[in-house]
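Novice: generate a structure from the sequence data that follows.
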Amino acid sequence: MIAAHVGALAAYDAMPGDNPKSSAEARASALVTKTRQALFDHQPTNMAEAARKGEFMASSRTFIEWDDFDQVQLIKALTPAGAK
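Specialist: Predicted coordinates:
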């Protein structure tokens, strides 16, 4: 999932940016948003995976610059599945 998000963001960043309303730019933006949401929705299976995911999220502008999520969503994204 991290690789998919990195790839989507790289493709978006490679867009010329001269026509932000173009269908290609809209598709690229939608893919960045979709892969970012997939990272939020997927709970890690163990603490090592949670650590890798947290390190990535802390280094990616789509997580540190975008403020459209709350603390609960972030905590859930980093809590291993099945943890109580």
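Novice: tell me which helix or strand the residue sitting nearest the centre point of the chain sits in.
Specialist: Residue closest to the mean C-alpha point of the chain, counted by C-alpha atoms, centre = their mean, is Arg36 at 2.4 Å. Assigned by DSSP states H and E, Arg36 belongs to helix 23-41.
Novice: and that helix, which residues are buried?
Specialist: 25, 28, 31-33, 35-36, 39 (16 or more other C-beta atoms under 10 Å). Backbone N, C-alpha and C define where each C-beta goes, glycine included.
Novice: all helices for this protein, in order.
Specialist: 2-13, 23-41, 47-59, 61-64, 71-78 (DSSP state H).
Novice: what are the contacting residues of the first one?
Specialist: Translated: helix 2-13. 25, 28-29, 31-32, 34-36, 38-39, 52-53, 56, 60, 62 (C-beta atoms under 8 Å, 6 or more residues apart in numbering).
Novice: buried ones in that helix?
Specialist: Going by 16+ other C-beta under 10 Å, helix 2-13 has these buried residues: 2, 5, 8-9, 12.
Novice: Ala11 and Leu39: what is the separation?
Specialist: 16 Å (C-beta to C-beta, to the nearest Å).
Novice: for Arg52, the count of nearby residues, please.
Specialist: 12 (other C-beta atoms under 10 Å).
Novice: list the contacts for it?
Specialist: 2, 44.
Novice: oh, and call the first residue 450 from now on, that's how I've got it
Specialist: Done: numbering now begins at 450, and the last item shifts to Arg501.
Novice: look up how far Gln522 lies from it.
Specialist: Counting by C-beta to C-beta, the gap from Arg501 to Gln522 is 19 Å.
Novice: Ile513 contacts Ala507, correct?
Specialist: Yes - contact criterion C-beta atoms under 8 Å: Ile513 and Ala507 qualify, at 6.7 Å.
Novice: need the overlap of contacts for those two.
Specialist: With C-beta under 8 Å, 6+ apart, Ile513 and Ala507 have no common neighbours.
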